[in-house]
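# Starting from these lines, generate the structure:
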Amino acid sequence: MFSTPTVVGDTLLIGSCAGKFYAVDKRTGKVQWSYDIHQDGNQTSFHGNPLITDQHVLIGTDKSCASDGVGHVYAFDRTTGKVHWKYRTAGTPTDIVRIGSTIYAASFTDELTALNLDDGAFRWKFATGALNQDCTLPASPVVVGRRTFYLGLNGTLYGLDGNSGRVLWKHDFAGRAATKLSVSGSSLYLGNSSNRLFRISVDDGHIQNELSIPASPEGRILTDASDLY
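As a prediction, the model looks like this:
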């Protein structure tokens, strides 16, 4: 299991690497509803964390980088598990994030896709052009205000207009991402394969602080601006 179990009210939401998504009563363990993603193609896994709205549970699926694998972004009804819509991808192993009526997710092919929250209609796509020969998990996008930020497998951080996908700025960090992208206030935080941690301005992408560490960082940076740097 890679996706973090999520609690909403009295319900625990879990994505299994056996290809099933479950909504479970957190008090009794009784399954309220489940969905088997095998019925929609060759996919098995939930790597990213869901986005929960008043009506939906939105989650991405994949089968790693298998040449015959597929993925989807699903919008399940929170109460019944009914599929409100699904959007097919090359595999979506990242968290789902949102600005207003638009959601964002990335794929193993290093593409960031924007979809309409209500019906899954395609809005725009941004591709870095980077190859993923090692089948590296892409970093999940994050949002600040009306902007979306994506750390590509090519080591470049992109700041994009959330409505159009237009690149507002980019910064090449000369090394692949080693952590997930985190945000606190007006700063982004990341670590990469050059054994460095960075704090970056969301406004223009300039490096506000940089810290060398003994080894390559991993996981997600937990941010407390009073303690960092």
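# list the contacts for residue 161?
146, 147, 148, 168 (C-beta atoms under 8 Å, 6 or more residues apart in numbering). All C-beta atoms are positioned from the backbone trio N, CA, C, and that covers glycine.
# ok, and the closest non-adjacent residue to the first one?
Leaving out its chain neighbours, the residue that sits closest to residue 146 by C-beta to C-beta, 6 or more residues apart in numbering is residue 162, at 4.9 Å.
# Can you check the pLDDT for the one you found?
We have a pLDDT of 97 for residue 162.
# Just give the number of residues close to it.
By the criterion of other C-beta atoms under 10 Å, residue 162 has 23 neighbours.
# Could you double-check that it sits in contact with residue 103?
No - between residue 162 and residue 103 there is no contact under C-beta atoms under 8 Å: 10.3 Å.
# what residues are shared contacts of those two?
residue 114.
# if we can go back for a sec, would you list the buried entries among the contacts of residue 161?
147, 148, 168 (16 or more other C-beta atoms under 10 Å).
# In JSON lines: the residues you listed, plus distance to residue 203 and secondary structure.
Formatted as JSON lines, the buried ones among the contacts of residue 161 follow (distance: C-beta to C-beta, whole Å; DSSP: H, G, I helix; E, B strand; the rest coil):
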{"residue": "147", "distance to residue 203": "9", "secondary structure": "strand"}
{"residue": "148", "distance to residue 203": "14", "secondary structure": "strand"}
{"residue": "168", "distance to residue 203": "9", "secondary structure": "strand"}
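# so residue 138, which of the three states?
coil (DSSP: H, G, I helix; E, B strand; the rest coil).
# Share the number of residues neighbouring residue 16, please.
Residue 16, neighbours per other C-beta under 10 Å, totals 17.
# Out of the contacts of residue 161, which is nearest to residue 87?
Nearest to residue 87 among those is residue 148, at 17.0 Å by C-beta to C-beta.
# Just confirm that closest one contacts residue 103, I think it does.
No - the criterion here is C-beta under 8 Å, and residue 148 misses it with residue 103 at 10.3 Å.
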